[in-house]
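Asker: attaching a predicted model along with its sequence, questions to come.
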There are 2 protein chains.
Amino acid sequence: MPVKMTAALLLLLLQLSGFFGSGTGGKVLVWPMEFSHWLNLKTILDELLKKGHEVMVLRPSASLSYEVDNTSAIEFETYPTSYSLSELEEIFWESLKKYIYELPKQSFWGYFLMLQEMVWVDSKYFESLCKDVVFNKELMTKLQKSRFDVILADPFIPCGDLLAEVLKIPLVYSLRFFPGSTYEKYSGGLPLPPSYVPVVMSELSDRMTFMERVRNVIYMLCFDFWFQTFNEKNWNQLYTEVLGRPTTLSETMAKADIWLIRTYWDLEFPHPVLPNFDFIGGLHCRPAKPLPKEIEDFVQSSGEHGVVVFSLGSMVGSITEERANVIAAGLAQIPQKVLWRFEGKKPETLGSNTRLYKWIPQNDLLGHSKTRAFITHGGTNGIYEAIYHGIPVVGIPLFGDQYDNIVHLKAKGAAVRLDFLTMSSTDLHTALKTVTNDPSYKENAMRLSRIHHDQPVKPLDRAVFWIEFVMRHKGAKHLRVAAHDLSWVQYHSLDVLGFLLACVLTVMFILKKCCLFCCQKLTKAGRKKKGE
Amino acid sequence: MPVKMTAALLLLLLQLSGFFGSGTGGKVLVWPMEFSHWLNLKTILDELLKKGHEVMVLRPSASLSYEVDNTSAIEFETYPTSYSLSELEEIFWESLKKYIYELPKQSFWGYFLMLQEMVWVDSKYFESLCKDVVFNKELMTKLQKSRFDVILADPFIPCGDLLAEVLKIPLVYSLRFFPGSTYEKYSGGLPLPPSYVPVVMSELSDRMTFMERVRNVIYMLCFDFWFQTFNEKNWNQLYTEVLGRPTTLSETMAKADIWLIRTYWDLEFPHPVLPNFDFIGGLHCRPAKPLPKEIEDFVQSSGEHGVVVFSLGSMVGSITEERANVIAAGLAQIPQKVLWRFEGKKPETLGSNTRLYKWIPQNDLLGHSKTRAFITHGGTNGIYEAIYHGIPVVGIPLFGDQYDNIVHLKAKGAAVRLDFLTMSSTDLHTALKTVTNDPSYKENAMRLSRIHHDQPVKPLDRAVFWIEFVMRHKGAKHLRVAAHDLSWVQYHSLDVLGFLLACVLTVMFILKKCCLFCCQKLTKAGRKKKGE
């Protein structure tokens, strides 16, 4: 016994001294992600590498985002996929075109029908990605043998959770959002009251009128129905087949140990959270580095007026000529110089104050003292760079969470929103004039920046902390709400309320019978008395 | 404009460089608390002093806990109270006796009736404490002139929130628990589903059977009704009078900027939280210091068996002779030496292995390598010292949250629970044998200890961070859920659901009318045709 005690104490002392905290040699497996999802995660992976962990990323042979980066120590495990690169590109570009140019024009029901169709195509591809791994015996044996300590995944592409179950290792999620109210279901019990928590993709704020609250509840019901009906069925089948027991996508996802949410309360509207949620928005942001000479010269040439930075993100290649001309004409009217990340034919209306770039050092530009505003599609990474550096935003959302990001920033007084398909040159000009001339936009952007910077631990350090925590403790079960083990009826206490209602009704019924019986007795006695 | 921009940038740079984070010269006002509430808060106050802030504690002229501590830089503002010290002592000791010796014997309804009566007396005293401040013009003028940056309070004794409203300064709460389900109401929107979140003081765990869930819902309803009916009315009147506008206790409390909860997920069952909640349990714990020589010698004399530490806390003076003898007889049977914090007549059955002390260095003893178990009433401070040092517990809860603390620790496998009024010497002996001989108790205590120590920032540093944050930013509005502005009906979306139901019923009614109309038309046409 004393030996056991000493060993236990030694363990505690090692723990206290940060022995396990120094990050010696954990093995991290990463489920593939694309575009900004991947860029965001890569920041965490690089930090994990710095701390001495091994990182292996599963890479589909056909992929749009993974460049082999020889400078990084990330190990890639490439596996053959059913889709060819050309098929994948076709799916992707078709989908993107629909998101940008067709979906916003739809009516309420048309929106859901079109979204359903698109998600169906995406989901089929994601499913094939999953099958290509879990049914690849050689790969699975290799993964089993590698004895990873944790798997990192983005629930946007399911299967990371399935892999965690198969390999019996803890799971850490990196997540931007779930559409609709599906959070509660997938997280295994996060209650988000629709009265003040706007459903993601509803474009509502946390202060809603009565009719907006009605809209929010309808959105919630629609998204729930839509997800349940069109997205989950196939996944449930696949998960059941792989695990060899009846299960569902949501049950498996809800087992995640830690949820790293890629926002923070500077951007989010406050809402309840669970103990295993941490908000790590902006983890990729860093102080500005000096600009390349040519760009610095152009920026300096702007004088007192400063510059405007403009990018629609890494996913959108070229935009239509008509839209490009409208935008260029709008930009030509402002006194600032403009740096525009642009691909495609040079717009005819391009002003002398605007320069086009295939790539811009966005974070460094936003951190430059001359930068007055940021025109952005509202991707979360870019939005966080704007918040980090306190730059007001003109938002032109294109798809996904971008609408919500801009709605949030607008509600916080740091952005003006424009509609990509319908905005005119004057709209753009007016919006830019507003955010650069009305000091409230800069003040609000700075307020958000101060909130962002004033955290007890930096977002990136917290992300790494939780991944290492999960490796040290083989999970984080102590943060998991017991809601996981309850059915929907039990979780909402409907069985209890039914039981209590039945009790009350029974008591009332008995009381009524008793009263009737007494009344009858009394009447009878009265009659008898009368009869006497 | 450029000057404004430069100033704003300078502000950001200062922020980034931690200028405001170094804690230069904030002014902190503290609403009085008693016993363990005060001890816990004092740790935070001492840390605030170390960081260069000024701390002023309001001290009622009659108080049980505030010793004038000349070594501390805490400033006390003593104000005259309506109650004399002897009245206060009578209320306190009477109440304590009832809590320990009478309340546990009550039936379900008797429990609520007795609790109501006792809370009524406490509440009257707390109210007088409040009135003695807010109607003391001289004191209020002095407080107004002092221009505090933040007020710290424990909602256990209301009025700190009222003072924050009157003085128009941010409010930080330090809280152990709200009874029943009143959390949601007082915090302004923390949803705690009764299906897996046991109501505080229900003594249930987070994994409940159907009948336990029924009990939990009944507890919830009872506590809600009880609080609403017996506790709030007077406070609401007082708050309305002082603020000069209709308001309530709960509305005012819900305005708190930050809630520092005095537990953590090592002890708590996981449940949803709000963004302005932080869990700082165990902030007073620290590594063990060497023991006084006499105690160290006694501890060392225990040999391989080690020692057991026993304390029923600072509030309980002496216990009945009968109980003391039962306990002493139980302790006499174990092979360990026992250090018992004890006041009163020496029990006749006291064994040679047990020594009585008026005071013990509890934290240092629990951190001693010879300590095998801790017998405690289950006060949160003591429980956290046990968790911090990984010591298994024999819990003898006496009142308040102590029952729940022990239930939690028992559910996590680190404690055995005994009933103070009914336990026999053998029960105590068996319980001690179990926690010292069954290694699972030590292992579980060590697991909780590892969880406790493995946090990105220490609890005390987080508590101080949030108080400083609130001072720097003049509140923490960005963490406040928008639920505050909604009525009960709106918050639960009952108006929206009613509206949607009305819409569905109207549509069904119109459809039915249309169908009937069509049927009639068709029948008529058929008849006409037949008639031809």
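Answerer: That came through, no problem.
Asker: low-confidence regions, the stretch 1-150 of chain A specifically.
Answerer: Applying pLDDT under 70 to the stretch 1-150 of chain A picks out residues A:1-24, A:66-71.
Asker: try 50
Answerer: Low-confidence segments of the stretch 1-150 of chain A (pLDDT under 50): A:1-23.
Asker: distance between the ends of stretch A:466-480?
Answerer: The separation between the terminal residues of stretch A:466-480, taken as CA to CA, to the nearest Å, is 14 Å.
Asker: quick one: contacts of it?
Answerer: A:20-21, A:23, A:26, A:28, A:44, A:48, A:51, A:53, A:149-150, A:152, A:170, A:172, A:188, A:257-258, A:260, A:274-276, A:278, B:265-266, B:270, B:450-451, B:454 (CB atoms under 8 Å, 6 or more residues apart in numbering or on different chains). Where C-beta positions appear, they are placed from N, C-alpha and C, glycine not excepted.
Asker: can you name the residues that contact the residue most central in space within chain A?
Answerer: When CA atoms, centre = their mean is applied to chain A, the residue found nearest the centroid is A:R176 (1.0 Å). Going by CB under 8 Å, 6+ apart, A:R176 touches A:H37, A:D154, A:F156, A:I261, A:R262, A:T263, A:T380, A:D401.
Asker: give me the nearest residue to it, chain neighbours excluded.
Answerer: Spatial nearest neighbour of A:R176, chain neighbours left out: A:R262 (4.8 Å); criterion: CB to CB, 6 or more residues apart in numbering or on different chains.
Asker: so A:H305 touches A:A373, yeah?
Answerer: No: using CB atoms under 8 Å as the test, A:H305 is too far from A:A373 to be in contact (11.0 Å).
Asker: which neighbours do those two share?
Answerer: Common neighbours of A:H305 and A:A373 (CB under 8 Å, 6+ apart) are A:Q336.
Asker: need the pLDDT of A:K521.
Answerer: Listed pLDDT for A:K521 reads 86.
Asker: mind listing the strands for chain A?
Answerer: Along chain A, the stretches classed as strands by DSSP state E are A:27-30, A:54-60, A:75-79, A:150-153, A:171-175, A:258-261, A:277-279, A:307-311, A:337-341, A:354-357, A:371-376, A:393-395, A:415-417.
Asker: for the fourth one, name the packing helices and strands.
Answerer: Going back to what we said before, that points to strand A:150-153. For strand A:150-153, the packing partners by 3 or more CB pairs under 8 Å, 6 or more residues apart in numbering or on different chains; DSSP states H and E come out as strand A:27-30, helix A:35-50, helix A:160-167, strand A:171-175, helix A:459-473.
Asker: now do the longest one
Answerer: The elements that strand A:54-60 packs onto, with contact taken as 3+ CB pairs under 8 Å, 6+ apart, are strand A:27-30, helix A:35-50, strand A:75-79, helix A:108-134.
Asker: do the last one as well
Answerer: In terms of contact count using 3+ CB pairs under 8 Å, 6+ apart, strand A:415-417 is assigned the packing partners strand A:393-395, helix A:402-411, helix A:425-437.
Asker: can you redo these as TSV with mean neighbour count, mean pLDDT and distance to A:F465?
Answerer: Listed next are the helices and strands packed on strand A:415-417 as TSV, based on neighbours: other CB atoms under 10 Å in any protein chain shown; pLDDT from 0 to 100; distance: least, CB to CB, whole Å:
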stretch	mean neighbour count	mean pLDDT	distance to A:F465
strand A:393-395	27	98	30
helix A:402-411	22	95	26
helix A:425-437	18	97	36
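Asker: closest one to B:D419 among those?
Answerer: Closest approach to B:D419 among these (CB to CB): helix A:402-411, 53.0 Å.
Asker: show me the domain layout of chain A.
Answerer: Per the record, chain A has its domains at A:25-283+A:458-485, A:293-453, A:490-517, by automatic domain parsing.
Asker: which of these sits closest to B:Q228?
Answerer: Set against B:Q228 and scored by CB to CB, those come closest in domain A:490-517, at 19.0 Å.
Asker: in that closest one, which residues are buried?
Answerer: For domain A:490-517, a neighbour-count test (16 or more other CB atoms under 10 Å in any protein chain shown) marks A:Q490, A:Y491, A:S493, A:D495, A:V496, A:F499 as buried.
Asker: filter the residues you listed down to the ones close to chain B.
Answerer: Here is what survives when those are matched to chain B using CB under 8 Å from any CB of the partner chain: A:Q490, A:Y491, A:S493, A:D495, A:V496, A:F499.
Asker: mind checking which of those land in helices?
Answerer: A:Q490, A:Y491, A:D495, A:V496, A:F499 (DSSP state H).
Asker: and the furthest pair within these?
Answerer: Maximum pairwise distance in these, criterion CB to CB, is 15.4 Å, between A:Y491 and A:F499.
Asker: closest to A:P392 out of the ones in helices among the ones next to chain B among the buried residues of domain A:490-517?
Answerer: Of those, the one sitting nearest to A:P392 (CB to CB) turns out to be A:Y491, at 42.9 Å.
Asker: the residue nearest to the closest one when sequence neighbours are not counted: what's it in contact with?
Answerer: Nearest residue to A:Y491, sequence neighbours excluded (CB to CB, 6+ apart): B:S195, at 5.2 Å. Taking CB under 8 Å, 6+ apart, we find B:S195 in contact with A:A483, A:L486, A:Q490, A:Y491, A:H492, A:S493, A:V496, B:M208, B:R213.
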